[in-house]
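Student: Got a predicted structure here, sequence first:
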Amino acid sequence: MRRLAGRAGAALLRTNVHLVTAESCTGGLLAATCTANAGSSEWFEGAFVTYRIPVKIRVLDVSELTLARWGAVSEPTAREMAVGALNHCDAEMAVSITGVAGPGGGDVSVPVGMVWIAWAMRVPTGVRIVQTARHEFAGSREHIRRAAVGAALEGILAILHD
């Protein structure tokens, strides 16, 4: 994963794009993976770890209506987390991750392993969502968290065409 983060960092540096993360179920693992690489301060802006719902609302401005209607593990919430991260820093790209890492906490509609990821870019007219992805990872809590981080990094590379 560290090598993948290094590739993402090189692509961000090459395109002069700075990254901010907004994480829930990964608890900062994406940020830690990015910053494990020397020189990451040249492309990594910062991170928001908004594990509980009230923090998503206060820190990232995720709408209470979105959370009530769609839940914390949903595409709309992932989108609002990414936009909120960009609105609270100077980065040009945000990636957000929200999901259920388990082993408990899932249900029929949102099973353990379900993860939503959103990537957003700052553009001259504001912020636009570049892409969202829904995943259902299997395995242990650690495997699900690592798989989510890997998917987020792969998304950065795809968006930057690396």
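Tutor: On my side now, so go ahead.

Student: List the buried residues for stretch 35-50?
Tutor: 35, 37, 40, 43-45, 47-50 (16 or more other C-beta atoms under 10 Å). Every residue, glycine included, has its C-beta placed from N, CA and C.

Student: Outside of that stretch itself, list whatever touches it.
Tutor: Applying C-beta atoms under 8 Å, 6 or more residues apart in numbering, the contact partners of stretch 35-50 are 2, 5-6, 9, 12-13, 17-24, 27-28, 30-31, 34, 56, 59-60, 62, 81, 84-85, 88-91.

Student: okay, how far is it across it, tip to tip?
Tutor: Chord length of stretch 35-50, first to last residue, is 18 Å (C-alpha to C-alpha, to the nearest Å).

Student: So in the chain, where's the weakest helix or strand by average pLDDT?
Tutor: strand 126-136 (a mean of 91; mean pLDDT, DSSP states H and E).

Student: Packing partners of the following helix or strand past that one?
Tutor: Per DSSP states H and E, the first helix or strand lying C-terminal to strand 126-136 is helix 141-159. When contacts are defined as 3 or more C-beta pairs under 8 Å, 6 or more residues apart in numbering; DSSP states H and E, helix 141-159 sits against helix 2-14, helix 29-35, strand 93-99, strand 114-123, strand 126-136.
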